[in-house]
Every structure is written in C-alpha cells, then in structure tokens.
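Visitor: Sequence and computational prediction follow.
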Amino acid sequence: GCSLVGWCSLGTCISAPQGQRFNQNSPYVGQNDTGFEAVQATADGGARVWTIRDANVFRTEFDAWAGQASPEYMALCKGFTNVRHLEPRFDGSLLITGDAGTTTSPRARYCIIDAAGKPTTTNVVAMETGCSTCWSVARWSAEGLDGSTFIVGSWRKPATSKFFAVVQKLAPNQQKGWSMSFVDGESLGAHAVVAATDGGAFVVGRATTNGKSVGIVAAVTHDGKQRFLTKVASGQDDLLQAATLMKSGTLLAAGSATLNAATTALFLVGLNPTTGKVLWKKVSQPSDLAIAVSAIAEPNGGAVITGNITLFGQKRVFLDRIDDAGARVWRRTYLLSSSGLKGEARTLATWDGGYLIGARTFANGSSQSTGDGPVLIKTDKGGFDGCAVAGGCVAKKPADCDDKNACTADWCHPTNGCQHHAVAGCTAK
C-alpha cells in the first residue's frame with residue numbers, strides 16, 4: 001500500500017518520520033569538551049558535526065537516520081590556547097578562530113582545515129593596528145558569498161582596561177584585506193558577525209561602561225568603513241550574540257537581557273540594515289530565563305532562534321520560530337538528560353525537512369562528568385524531534401510496513417506497530 005512509515009526511537013516505532021536525537025559520549029568526553037560546536041546538513045539528509053576536545057577537533061558524519069561513522073580526528077593548527085568558534089565553509093573546509101599566547105596576554109588566531117582534515121593555514125591574526133603587544137581574541141567568523149572571511153573579536157592596549165571591537169576581512173585566498181576597529185567612548189566587544197550581500201558585514205556584541213552593558217549592532221562596508229553603530233538597552237546587562245538578515249530586509253539581532261541578579265530574558269532587536277534604526281525590540285517574560293545563541297533567517301520570512309532556557313529548574317535547549325516583527329509563532333524545548341545533567345545549545349543549521357541543533361549535556365561548568373557529551377537534535381519543520389523522553393533517543397531506519405496491497409494505507413503505530421487501513425473506493429488490483 002501507500003507506506004506512511006515512521007521511525008523507531010528506543011525500540012518503539014512512532015509516526016514522526018523526520019525528527020530524531022542522537023547523544024554521543026565516547027570518544028568525545030574529556031576536559032574542555034564543548035559539545036557539537038558546528039553542524040552542517042549533508043545532501044542525503046544526514047549531518048556533519050564537529051566538536052572540540054582538549055583543543056583538538058573531531059568530525060563525525062551521520063546519515064539520515066543517525067547512523068554514525070567513526071569520529072575522525074582533524075589535525076588542529078598548533079598553538080591555540082582557546083578555540084572559540086568553528087565555522088563550516090561552503091567548500092567543506094572548517095575555519096577555526098580563537099587565541100594563542102597566555103591567558104593574561106592572548107593573541108587572536110585563526111586556522112583553516114581543509115575538507116580532508118588537514119591544516120592549510122596557521123596564522124596569528126593581527127586584530128589591532130600598530131601594537132605588537134596588545135591583548136586580543138577572535139570570537140567569531142563568517143564566510144562571505146565570494147569566499148572571503150570576516151573575523152570579529154576584541155583587543156586592548158597593555159595596562160589599559162578599555163576594549164575595542166574589531167572586524168577583519170580576509171580575501172578568498174586568505175590574505176589579509178583590511179582590519180578596522182569601532183570607535184566609541186566605551187569598552188566594546190564583538191561577539192558574532194554575519195556577512196552582508198553587498199560584501200560588507202553586520203556585527204553584534206555589547207558596550208560596557210561602569211560595569212553595565214548594552215547591546216550593540218554595527219554595520220561595516222565592503223571596504224572596511226563603519227556604516228553605523230547602534231546601542232540597544234533593555235536590562236541591567238545586555239548582550240547580543242547572534243544575527244541574521246530576514247527576507248523582509250529587517251536585520252535581526254538576538255541575545256539576552258539580564259533584568260536583575262537572578263533573571264535573564266530573551267532579547268530580540270529588529271533594525272533597518274542601512275541606517276541602523278531600531279524598528280522593534282522584544283524582551284521575553286522575566287520567568288523565561290532564556291538566552292539566544294544562534295539565529296537563521298527563514299526563506300518564507302521570519303527566523304528561527306536557538307539557545308538555552310531554564311524551565312522548572314531544568315536547563316534545556318529551546319527553538320523559537322518568530323515572524324518578521326519578532327513575535328513568537330511557536331516554541332519547542334528539549335530536555336537532553338533525565339539524570340540531572342544540564343542541556344546547552346551551541347549552534348544551529350537547517351536541512352530540507354527542518355532544523356539541526358548542536359548541543360551538549362554537562363553537570364558542572366566545563367568539568368568532565370559521567371554522561372557529559374555532545375548531543376545532535378534533528379527536528380522537522382515544526383521543531384519536533386519525536387523524543388518524548390530525555391536522553392538516549394536514537395532514531396533508526398523506518399519500519400517497512402508496506403503490505404504490497406495498493407488499496408491499503410500502511411503506517412506505523414507507536415504501540416501497535418504496522419497498521420493497514422483500507423482506502424475507500426480503491427479498486428486497484
């Protein structure tokens with residue numbers, strides 16, 4: 001018959017054919033294990049993921065039903081003190097940003113690993129001009145449509161406390177194009193960047209004065225000139241750390257607003273990408289305790305946002321679908337562990353049938369603990385992953401319920417297994 005198959009989760013056949021979740025511990029778990037830091041959809045409906053362990057990068061391939069190949073070690077460029085961001089590139093390579101040197105005197109650094117897992121560049125990025133002893137870190141990167149690269153971070157001069165937000169552009173051949181710092185009377189930190197269609201970029205982060213921070217959104221032209229720098233305040237301590245340009249033309253910036261010592265709320269801002277004018281801003285209910293970490297524009301308008309939320313004393317991953325005005329269309333939350341471990345989103349990607357969320361579980365900070373490890377969540381377009389229980393939810397290949405009868409509709413019942421319902425009026429032979 002017409003086979004409407006489901007897939008099996010924890011040995012039970014359910015009728016949601018696209019969502020799934022996969023928890024992977026060994027061989028990833030170790031000191032400084034940070035979860036799935038980068039996720040990329042593959043053409044067969046599976047996923048390619050990267051994680052970091054002790055400053056080493058591992059890559060794993062999953063097929064459409066979470067079948068896993070062996071994790072592949074990728075030779076990391078030497079000299080990193082901290083790896084802060086992994087950016088999958090269009091050609092299959094991976095851009096790594098972070099810093100080298102000591103914790104008290106770091107130097108911004110980037111490295112590119114090709115699709116075969118071998119380093120092609122090893123460079124300390126000069127994130128400042130004319131200051132060989134300055135403190136600097138590279139926090140985020142993004143690839144331009146022409147193969148160029150934007151790297152953002154912060155720097156400051158020795159024996160000073162004022163930070164400058166900086167963006168550097170590399171040409172497609174990875175040679176340095178230009179580097180510029182944002183000029184302001186306050187300490188500025190750049191936390192994320194997204195490439196613009198005109199060859200420039202948008203940068204989000206925060207500005208801090210006397211211990212209080214506000215969110216910032218800035219635009220840089222293709223030749224390294226500042227177009228605007230907009231400050232947006234909402235709480236006592238604000239941070240914007242994700243951005244995307246929506247189909248409507250509105251620039252979305254997302255992050256968090258600390259309303260008081262115990263309350264952090266989801267903070268969304270919509271801006272005119274040409275002038276930097278704030279069109280709207282949204283702060284979630286104080287009980288939300290949500291922080292956005294990644295955002296992607298939807299092809300039909302609006303965007304999806306993932307991050308972390310505390311519900312009923314449990315730290316979970318959330319996925320929000322919003323419209324062009326920032327209003328929430330739906331929210332899904334994912335409890336990643338039933339054993340008391342916390343869940344934390346790290347990155348977001350899309351595939352033809354829905355969304356991929358790279359996450360991790362952990363017990364106490366970044367310390368190693370039994371059960372810690374990366375988690376990959378694959379959902380359908382409605383944000384459902386089909387996992388009613390926390391942890392251990394592994395999708396398997398669909399049950400074959402086809403009874404070869406053209407006049408039955410075949411499907412998989414969660415409890416009763418394969419079902420075959422007669423199709424009214426069917427006369428096929």
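Guide: Now that the structure is in, tell me what you want to look at. Numbers count the residues shown, from 1 in each chain.
Visitor: need the strands for the stretch 101-250 of the chain, in chain order.
Guide: 106-113, 119-124, 135-143, 149-156, 164-170, 176-181, 187-195, 201-209, 212-220, 226-232, 237-245 (DSSP state E, counting those that start in this stretch).
Visitor: Reformat those as JSON lines; add mean pLDDT.
Guide: JSON lines is the format used below for these (pLDDT from 0 to 100):
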{"stretch": "strand 106-113", "mean pLDDT": "85"}
{"stretch": "strand 119-124", "mean pLDDT": "74"}
{"stretch": "strand 135-143", "mean pLDDT": "89"}
{"stretch": "strand 149-156", "mean pLDDT": "91"}
{"stretch": "strand 164-170", "mean pLDDT": "90"}
{"stretch": "strand 176-181", "mean pLDDT": "87"}
{"stretch": "strand 187-195", "mean pLDDT": "92"}
{"stretch": "strand 201-209", "mean pLDDT": "93"}
{"stretch": "strand 212-220", "mean pLDDT": "93"}
{"stretch": "strand 226-232", "mean pLDDT": "94"}
{"stretch": "strand 237-245", "mean pLDDT": "94"}
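Visitor: any chance of these in TSV, plus mean neighbour count?
Guide: The C-beta positions use only the backbone N, C-alpha and C, and glycine is treated the same way. Listed next are these as TSV, based on neighbours: other CB atoms under 10 Å:
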stretch	mean neighbour count
strand 106-113	25
strand 119-124	15
strand 135-143	24
strand 149-156	25
strand 164-170	25
strand 176-181	16
strand 187-195	23
strand 201-209	24
strand 212-220	23
strand 226-232	18
strand 237-245	23
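Visitor: Output the ones you listed in JSON lines; the columns should cover distance to S284.
Guide: Putting those into JSON lines (distance: least, CB to CB, whole Å) gives the following:
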{"stretch": "strand 106-113", "distance to S284": "33"}
{"stretch": "strand 119-124", "distance to S284": "40"}
{"stretch": "strand 135-143", "distance to S284": "24"}
{"stretch": "strand 149-156", "distance to S284": "26"}
{"stretch": "strand 164-170", "distance to S284": "26"}
{"stretch": "strand 176-181", "distance to S284": "33"}
{"stretch": "strand 187-195", "distance to S284": "19"}
{"stretch": "strand 201-209", "distance to S284": "18"}
{"stretch": "strand 212-220", "distance to S284": "15"}
{"stretch": "strand 226-232", "distance to S284": "15"}
{"stretch": "strand 237-245", "distance to S284": "13"}
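Visitor: Of these, which is nearest A428?
Guide: Of all the strands of the stretch 101-250 of the chain, strand 237-245 sits nearest to A428, with 47.9 Å by CB to CB.
Visitor: Mind listing the strands the very next helix or strand once past the closest one pairs with, and their directions?
Guide: Heading C-terminal from strand 237-245, the first helix or strand you meet, by DSSP states H and E, is strand 251-260. Applying DSSP bridges, strand 251-260 is found paired with strand 237-245 (antiparallel), strand 263-271 (antiparallel).
Visitor: Contact partners for the residue most central in space within the chain?
Guide: The residue lying closest to the centre of the chain (CA atoms, centre = their mean) is T347, at 1.8 Å. Listed by CB atoms under 8 Å, 6 or more residues apart in numbering, the contact set of T347 reads F36, E37, A38, V39, V293, S294, T306, I357, G358.
Visitor: Now do the strand or helix carrying the second one: distance to the chain's middle.
Guide: Using DSSP H and E, the element containing E37 is strand 36-41. From the chain centre to the centre of strand 36-41 is a distance of 8 Å (CA atoms, centre = their mean, to the nearest Å).
Visitor: which secondary structure elements does it contact?
Guide: strand 47-53, strand 80-88, strand 342-351, strand 354-362, strand 373-380 (3 or more CB pairs under 8 Å, 6 or more residues apart in numbering; DSSP states H and E).
Visitor: Reformat those strands into JSON lines and put mean pLDDT next to each item.
Guide: As requested, the helices and strands packed on strand 36-41 are exported to JSON lines (pLDDT from 0 to 100):
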{"stretch": "strand 47-53", "mean pLDDT": "78"}
{"stretch": "strand 80-88", "mean pLDDT": "84"}
{"stretch": "strand 342-351", "mean pLDDT": "83"}
{"stretch": "strand 354-362", "mean pLDDT": "83"}
{"stretch": "strand 373-380", "mean pLDDT": "79"}
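Visitor: quick one on the thing from earlier: the strand holding E37 pairs with which strands, parallel or anti?
Guide: With DSSP bridges as the test, strand 36-41 pairs up with strand 47-53 (antiparallel).
Visitor: got the angle for the partner strand vs strand 342-351?
Guide: 140 degrees (axes from the mean of the first three to the mean of the last three CA atoms, to 10 degrees).
Visitor: Can you give me the buried ones in the next helix or strand after strand 47-53?
Guide: Later in the chain than strand 47-53, the nearest helix or strand by DSSP H and E is strand 56-62. For strand 56-62, the neighbour count (16 or more other CB atoms under 10 Å) marks V57, F58, R59, T60, E61, F62 as buried.
Visitor: now, which of those residues sits nearest A409?
Guide: Of the buried residues of strand 56-62, the one sitting nearest to A409 (CB to CB) turns out to be F62, at 30.2 Å.
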